[in-house]
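Colleague: Give me coordinates for this.
(one chain, ligands or ions: 1)
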Amino acid sequence: MRTTVVGAENTSPIRWGLRQVAGHPRTSSSALVGSAAVFWFGLHTMLWAVGIAVLAGVSWRLLDKPTFDRFAGRLLRAWWRRWWTYQRPWLRIMTACNLTTTDHKGETLVPRVTGVRCTWSWDTVSVRMAKGQAPEDFEQAIERLANAFRARSTNVRLVKPGKLALDFQRREPFDEMIIPLSPLAESTSAVDLRRLPVGMDEYGRDFTLNLLQRDLHVLLGGATGAGKGSYMWALLRSLAPLIRAGLVRLWVIDPKGGQEFGMGRAMYHAFADNDADGLALMQTYVKTLDERKLELGRAGVRTFTPSRETPLELLICDELAAMTAFASRWITVAFAPLMSKALTQYRSVGGRIIAATQEPTKDNVPMRGLFPTKIALRLDSASYVDMCLGEGMRDMGALADKIPEILAGVAYAKRDGRREPLRVRAPYSRDEDIAELVEFCTSVGTVTELRRDVTAPAEGQERDEPADVYAIDFEALEVDDYDTDQDQTDEVDVIEHFEGDEDDEEIA
Ligand SMILES: Nc1ncnc2c1ncn2[C@@H]1O[C@H](COP(=O)(O)OP(=O)(O)OP(=O)(O)O)[C@@H](O)[C@H]1O
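Modeller: Below is the predicted model of the structure:
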């Protein structure tokens, strides 16, 4: 482990130069390649080439800021900020913040910047501590560091012994960004199940869920008041015409007495406002989809298309831990395996789940790994971030525990296949908006016809057989045809693959 030693006047320039080359291989190899190109092609040609590259980069940024930022902007920013924002005033700021130490020879030891990683909003500076320092020294200086580097806020994390990361928040786009509720689409043909808007990302792009392929099940983690409900209501709003038409059916478990979802009960297919009823609802859900699986399997149907006969069955569970950990044992023991089964077996027959939890620990949500899409809102503890989003996501910049209380609805989304988390925010649905949604979805009377109340069996008692789920006269409903096969061929697949991301190195 090497620590920068200030006052080492006796270091020869050659040794210093070699150390710089070895310490900054990318910068030195770029300089080497640039010099070789000038030597080979001539200065004039190279100036033209650089001019064209700059022009292309500027045009790319103007035309599509998010992709430019993802593939080039963050790397350039990390490189620039490392040298200009952090390295240049480093010694001055470390000294001013009392973050240097002295060795036995009286030489000043200064912590060293080993890398900078940038997202749109946060910079992460990797630091090798000087001998004699502890992370607490940086924690005590946190406000001074934020002030010195002109950051909105700062955070210190121990990465491994001797090495820590300083996170500096440079901007907060959601301070000014208004996230509008999506308008209620009148017709089913206006809804694309692969692009359901539920908010915006930090670049101002739509944040959408793809319930057909990518975001089959979604886990929301967030402390109380973090705004978990806003994602669920935004999703229901996007689905409204399909709910009204009976193409999407809602099974809602709100074990906290229906506080969050009680208002919408008229538009649900099934609703449970306590844990015992929640278990009964889950049993009916699993039975329904098991029957469908057999039915479609016997008919040789291999791909699922939502229809009035086989609607998309969306199960919403607000506060999952109330069903999997905090309820009576006979409920938790029965509920958890049913949930795991529903998460793994009904992809091809239209079973989808969106669940929320305040503490995404393994004990509370043993099946959390089965959700392909996870969204972490403000969390109470740094350790919850990786528990919710997956290993290493906090180091990748998902600082969900740093989201301030006033930014309810702001979250980090992580999808299978995408390496880095995306910072997003959902719109807030007020009571009037929910009432409007319910009115819209029930206005043709289809949903209430579909509803079956689910009541809990007494402990140990056999549950009633559910009514025939298809015993509904769908033909009587006046709705537009919804042909997802057509949609699939007409539009480019929106799934993003990020296999190449491993090369997307951001450490300057
Ligand atoms: N997307 C949002 N944008 C702005 N403000 C929001 C948003 N979501 C929630 N809020 C604000 O935060 C408050 C709490 O939100 P909400 O009750 O939905 O959070 P929650 O995570 O569902 O909490 P709980 O776990 O206690 O049910 C709301 O009353 C509202 O003022």
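Colleague: Domain map for the chain?
Modeller: As recorded under automatic domain parsing, the domains making up the chain are 81-172, 183-491.
Colleague: would you list the ones you listed in CSV and tack on mean neighbour count, mean pLDDT and distance to Ser28?
Modeller: All C-beta spots, glycine's among them, are computed from the backbone N, C-alpha and C. Output for these, formatted as CSV (neighbours: other C-beta atoms under 10 Å; pLDDT from 0 to 100; distance: least, C-beta to C-beta, whole Å):
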stretch, mean neighbour count, mean pLDDT, distance to Ser28
domain 81-172, 17, 90, 13
domain 183-491, 19, 83, 26
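Colleague: now those domains as CSV including distance to the ligand?
Modeller: What follows is those, written out as CSV (distance: least, C-beta to the nearest ligand atom, whole Å):
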stretch, distance to the ligand
domain 81-172, 14
domain 183-491, 2
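Colleague: could the ones you listed go into CSV alongside distance to Ala72?
Modeller: Listed next are those as CSV, based on distance: least, C-beta to C-beta, whole Å:
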stretch, distance to Ala72
domain 81-172, 12
domain 183-491, 14
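Colleague: Quick check: closest non-adjacent residue to Val444.
Modeller: Arg244 (6.0 Å; C-beta to C-beta, 6 or more residues apart in numbering).
Colleague: element containing that neighbour, please.
Modeller: Per DSSP states H and E, Arg244 falls inside helix 228-245.
Colleague: Which is the succeeding secondary structure element to that helix?
Modeller: strand 248-253.
Colleague: counting contacts, what elements does the helix or strand following that following strand pack onto?
Modeller: Helices and strands here follow DSSP H and E; after strand 248-253, the next one along the chain is strand 270-272. For strand 270-272, the elements it packs on are strand 248-253, helix 275-298, judged by 3 or more C-beta pairs under 8 Å, 6 or more residues apart in numbering; DSSP states H and E.
Colleague: one more time with 10 Å, if that's ok
Modeller: If you count contacts as 3 or more C-beta pairs under 10 Å, 6 or more residues apart in numbering; DSSP states H and E, strand 270-272 packs onto strand 248-253, helix 275-298, strand 312-317.
Colleague: Surely Ile353 forms part of a helix?
Modeller: No: the assignment for Ile353, made by DSSP: H, G, I helix; E, B strand; the rest coil, is strand rather than a helix.
Colleague: which residues does it bridge with?
Modeller: Beta-bridge partners for Ile353, by DSSP bridges, are His217, Leu315.
Colleague: mind checking how far it is from Met367?
Modeller: 10 Å (C-beta to C-beta, to the nearest Å).
Colleague: what's the overlap in contacts for these two?
Modeller: His217, Leu219, Leu320, Met339, Ala342, Leu343 (C-beta atoms under 10 Å, 6 or more residues apart in numbering).
Colleague: Just name the closest of the residues you listed to Thr303, please.
Modeller: His217 (18.5 Å; C-beta to C-beta).
Colleague: In contact with the closest one, which residues?
Modeller: 211, 315, 339, 342-344, 346-347, 351-355, 367, 370-374.
Colleague: Would you mind measuring the gap between the ends of stretch 298-314?
Modeller: With C-alpha to C-alpha, to the nearest Å as the measure, stretch 298-314 spans 23 Å from end to end.
Colleague: sorry, that was for stretch 215-230
Modeller: Distance between the two ends of stretch 215-230: 17 Å, counting by C-alpha to C-alpha.
Colleague: Now the closest residue to Arg128 other than its chain neighbours: phi and psi?
Modeller: Leaving out its chain neighbours, the residue that sits closest to Arg128 by C-beta to C-beta, 6+ apart is Arg112, at 4.6 Å. The phi and psi torsions at Arg112 (degrees, to the nearest 10) take the values phi -120, psi 140.
Colleague: Nearest the middle, which residue of this structure would you pick?
Modeller: Nearest residue to the geometric centre of the chain (C-alpha atoms, centre = their mean): Ala413, 0.5 Å.
Colleague: is it true that that residue lies in a strand?
Modeller: Yes: assessed with three-state DSSP, Ala413 lies in a strand.
Colleague: secondary structure element for the closest residue to the ligand within the stretch 51-200 of the chain?
Modeller: Closest to the ligand within the stretch 51-200 of the chain is Ile179: 6.6 Å, counting by C-beta to the nearest ligand atom. Assigned by DSSP H and E, Ile179 belongs to no helix or strand.
Colleague: Return the residues in contact with it.
Modeller: Per C-beta under 10 Å, 6+ apart, neighbours of Ile179: 198-200, 204, 207, 230, 234, 409-410, 424-428.
Colleague: SS state for the closest residue to Arg157 other than its chain neighbours?
Modeller: Spatial nearest neighbour of Arg157, excluding adjacent residues (C-beta to C-beta, 6+ apart): Ala165 at 4.6 Å. Assigned by three-state DSSP, the conformation of Ala165 is strand.
Colleague: which residues does Ala165 contact?
Modeller: Per C-beta under 10 Å, 6+ apart, neighbours of Ala165: 114-115, 117, 124-127, 138, 155-159, 394-395.
Colleague: now, which of the residues you listed sits nearest Phe304?
Modeller: Distances from Phe304 to the contacts of Ala165, taken by C-beta to C-beta, are shortest for Arg394, at 35.4 Å.
Colleague: surely the closest one meets Trp122?
Modeller: No: counting by C-beta atoms under 10 Å, Arg394 stays clear of Trp122, with 11.2 Å between them.
Colleague: what residues do those two have in common as contacts?
Modeller: Contacts common to Arg394 and Trp122, judged by C-beta under 10 Å, 6+ apart, are Asp167, Lys402.
Colleague: one step back: now the shared contacts of Ile353 and Met367 in JSON lines, with distance to Asp433 and secondary structure?
Modeller: JSON lines is the format used below for the shared contacts of Ile353 and Met367 (distance: C-beta to C-beta, whole Å; DSSP: H, G, I helix; E, B strand; the rest coil):
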{"residue": "His217", "distance to Asp433": "25", "secondary structure": "strand"}
{"residue": "Leu219", "distance to Asp433": "24", "secondary structure": "strand"}
{"residue": "Leu320", "distance to Asp433": "25", "secondary structure": "coil"}
{"residue": "Met339", "distance to Asp433": "29", "secondary structure": "helix"}
{"residue": "Ala342", "distance to Asp433": "29", "secondary structure": "helix"}
{"residue": "Leu343", "distance to Asp433": "29", "secondary structure": "helix"}
